[in-house]
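Visitor: Curious how this folds, go ahead:
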Amino acid sequence: MNDDLHDAFARAADDAADQAMTADQIRRAATERIRARRRRRPAFVVGSAVAGLALVGGGAFAAVQLSGDDRGEIPDVIGSPAPTPQDSQTSEETEAPVTEAPSEEPSETPTEAPEPEQPAALPEADLTAVFPACGAVVEPTSGRQQLTFSPTWTEGAVGDTVTATFWNSSGDDLAGVASTHLTAVAVKDGVVVGWTEQSPEASTAPFDLDVRDFGQVQTTGALAHTLCTDGTTPLPAGRYSVWVAQQATVTERVPYDESYVAGAPVVTEEDMLVSGDVTSLWMDDAGRSVPSPGVAAGWPAQMSQDEAFRYSDAFQTIVWLAVSDREYLADIDPALYRPGTQVLDLGYLEPEVPFRCQPGADQALGVVGPDGGGSSGSGIGVIFATEAEAEQFVALWEPLHGPVTGVVTLAVGCDFS
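Guide: Predicted coordinates:
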């Protein structure tokens with residue numbers, strides 16, 4: 001310790017011994033003596049000159065202990081009260097700076113509010129993947145498959161399984177074998193995004209289906225509730241198209257001529273992948289399958305086909321979103337698939353409507369049949385009880401998906417005879 005500092009504290013300590021000075025008074029006395037010598041020195045020097053220093057609150061002195069050199073021992077003054085803020089303030093021009101030890105209390109880092117959990121990302125389209133592999137692009141086959149799954153009017157699949165039934169739509173009697181494993185995949189925006197099993201069973205079952213026969217081959221498969229990328233993450237909330245796929249081999253055909261006379265059986269071996277969009281799957285925010293939640297909030301309510309077709313002389317309004325010259329709903333027109341799924345995503349069910357269920361709609365839409373007259377085709381349409389509801393739907397639909405094909409108000413009723 002230098003001479004000035006040692007002398008100042010030594011004298012202050014002597015005074016403390018005689019007068020029982022407080023720690024703050026010792027510091028003040030030492031400072032005054034240093035000022036008298038007109039030398040500005042730090043009050044404490046890091047090293048052996050300061051043997052111990054305890055801090056209370058914002059750096060207030062609770063105890064001071066000085067260890068001296070050969071000049072003699074400096075008495076301790078312990079237990080002095082902490083100075084008041086007024087006493088501890090000094091002018092920067094007159095008081096030597098004091099080096100304070102850092103506070104031992106950990107500084108509190110402000111905690112940020114956790115970001116809301118984002119829904120899992122759906123797999124992206126993989127143009128090299130083959131249906132029903134993960135990421136495969138679903139492209140409905142145009143026309144009518146020889147073997148397909150019978151139409152389902154299920155509004156929504158709930159639970160862990162889905163059942164599908166073979167339907168012979170080839171025009172021939174068909175016999176063969178089919179796998180007993182049914183693969184069910186979840187499709188969103190035309191891409192396979194979810195499935196449950198990647199190792200189909202090897203067993204098969206025979207089938208023998210007459211023309212337009214169905215119901216003999218019925219299989220059940222596990223519903224896809226998880227992303228196909230990992231098989232564990234639940235599908236994000238929303239609606240998914242459930243496509244099923246099953247392997248089949250036709251081993252015999254019995255053809256029919258134009259007069260519907262059966263010909264001789266033909267032995268063959270034709271491998272097929274029977275697939276189709278059979279129903280819808282709705283998932284909630286908790287990763288559970290749920291019934292259809294109904295029409296999306298803010299959108300006008302539709303009339304069901306059952307209700308609309310019941311009265312053949314009642315006028316309703318149909319918003320037509322896409323049209324086709326296909327006559328039977330079993331015939332697939334890929335152009336109708338995307339608008340059909342977009343309508344289903346909003347909760348509007350049964351979107352496929354034959355023109356004959358609103359006679360005159362084809363002419364109103366400008367759809368011409370093969371003979372130049374009306375069309376026996378069909379399209380994607382949503383039925384409303386009033387024109388006002390139809391206009392509300394159009395106003396919401398077009399900013400999302402573009403112009404509608406047309407809006408037709410005519411008597412709605414379907415004659416299937």
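
Visitor: can I get the CA coordinates of stretch 345-352 in PDB?
Guide: The C-alpha trace of stretch 345-352 is given here as PDB (Å, rounded to 0.1, in the frame of the first residue of the first chain):
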ATOM      1  CA  ASP A 345     -62.800 -29.200 -47.800                       C
ATOM      2  CA  LEU A 346     -65.300 -26.500 -47.000                       C
ATOM      3  CA  GLY A 347     -67.800 -29.000 -45.600                       C
ATOM      4  CA  TYR A 348     -70.200 -29.100 -48.600                       C
ATOM      5  CA  LEU A 349     -71.100 -32.800 -49.100                       C
ATOM      6  CA  GLU A 350     -72.400 -34.600 -52.100                       C
ATOM      7  CA  PRO A 351     -71.000 -32.200 -54.700                       C
ATOM      8  CA  GLU A 352     -71.600 -34.400 -57.800                       C
END
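
Visitor: quick one, what contacts Ser292?
Guide: Residues in contact with Ser292 (C-beta atoms under 8 Å, 6 or more residues apart in numbering) are Glu155, Gly156, Ser280, Trp282, Gly347, Leu349. (Glycine included, C-beta is placed from N, CA and C.)

Visitor: which one is it nearest to, not counting chain neighbours?
Guide: Residue nearest to Ser292 in three dimensions, not counting chain neighbours: Gly156, with 4.1 Å by C-beta to C-beta, 6 or more residues apart in numbering.

Visitor: Could you give the bridge partners of the residue lying closest to Asp313 once chain neighbours are set aside?
Guide: Closest residue to Asp313 apart from its sequence neighbours, by C-beta to C-beta, 6+ apart: Ala411 at 5.7 Å. Judged by DSSP bridges, the bridge partners of Ala411 are Phe315.

Visitor: Return the residues in contact with Ala411.
Guide: Ser312, Asp313, Ala314, Phe315, Gln316, Gln358, Pro359.

Visitor: how about those residues in TSV, adding pLDDT and distance to Asp210?
Guide: Below are the contacts of Ala411 laid out as TSV (pLDDT from 0 to 100; distance: C-beta to C-beta, whole Å):
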residue	pLDDT	distance to Asp210
Ser312	70	34
Asp313	76	39
Ala314	84	39
Phe315	91	42
Gln316	93	39
Gln358	91	34
Pro359	89	33
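
Visitor: Just the buried ones out of the residues you listed, please.
Guide: With burial judged by 16 or more other C-beta atoms under 10 Å, the buried subset of the contacts of Ala411 is Gln316, Gln358, Pro359.

Visitor: Could you report the neighbour count for the nearest residue to Asp173 once chain neighbours are set aside?
Guide: Spatial nearest neighbour of Asp173, excluding adjacent residues (C-beta to C-beta, 6+ apart): Val254 at 3.7 Å. Using other C-beta atoms under 10 Å, Val254 is surrounded by 15 other residues.

Visitor: just Gly263 next, same as before
Guide: By other C-beta under 10 Å, 12 other residues sit near Gly263.

Visitor: Give me the buried positions along the helix or strand Thr249 falls within.
Guide: Assigned by DSSP states H and E, Thr249 belongs to strand 238-254. For strand 238-254, a neighbour-count test (16+ other C-beta under 10 Å) marks Arg239, Tyr240, Ser241, Val242, Trp243, Val244, Ala245, Gln246, Gln247, Ala248, Val250, Arg253 as buried.

Visitor: Closest to Pro339 out of those residues?
Guide: Ser241 (13.1 Å; C-beta to C-beta).

Visitor: give the contact list for Ala184.
Guide: Taking C-beta under 8 Å, 6+ apart, one finds Val162, Trp195, Thr196, Gly221, Ala222, Leu223, Ala224, Val242, Trp243, Val244 in contact with Ala184.

Visitor: do that again at 6 Å, thanks
Guide: Val162, Gly221, Leu223, Ala224, Val242, Val244 (C-beta atoms under 6 Å, 6 or more residues apart in numbering).

Visitor: can you check Gln146 too?
Guide: Ser170.

Visitor: ok, so what distance separates the closest residue to Ala205 other than its chain neighbours from Thr165?
Guide: Nearest in space to Ala205, with sequence neighbours left out and distances taken as C-beta to C-beta, 6+ apart, is Thr180 at 5.3 Å. Thr180 sits 14 Å away from Thr165, going by C-beta to C-beta, to the nearest Å.

Visitor: Report the secondary structure element holding Gly294.
Guide: Gly294 belongs to no helix or strand, assigned by DSSP H and E.

Visitor: Would you agree it is in contact with Gly347?
Guide: Yes. The pair Gly294 / Gly347 is scored as a contact, 5.3 Å apart, by C-beta atoms under 6 Å.

Visitor: who's more crowded, those two?
Guide: Ranked by neighbour count (other C-beta under 10 Å), Gly294 and Gly347 place Gly347 first, with 20 against 14.

Visitor: what helix or strand is Ala388 on?
Guide: Assessed by DSSP H and E, Ala388 sits inside helix 387-401.

Visitor: Quick check: mean pLDDT of that helix?
Guide: In this model, helix 387-401 has an average pLDDT of 97.

Visitor: Nice, that's everything, thank you.
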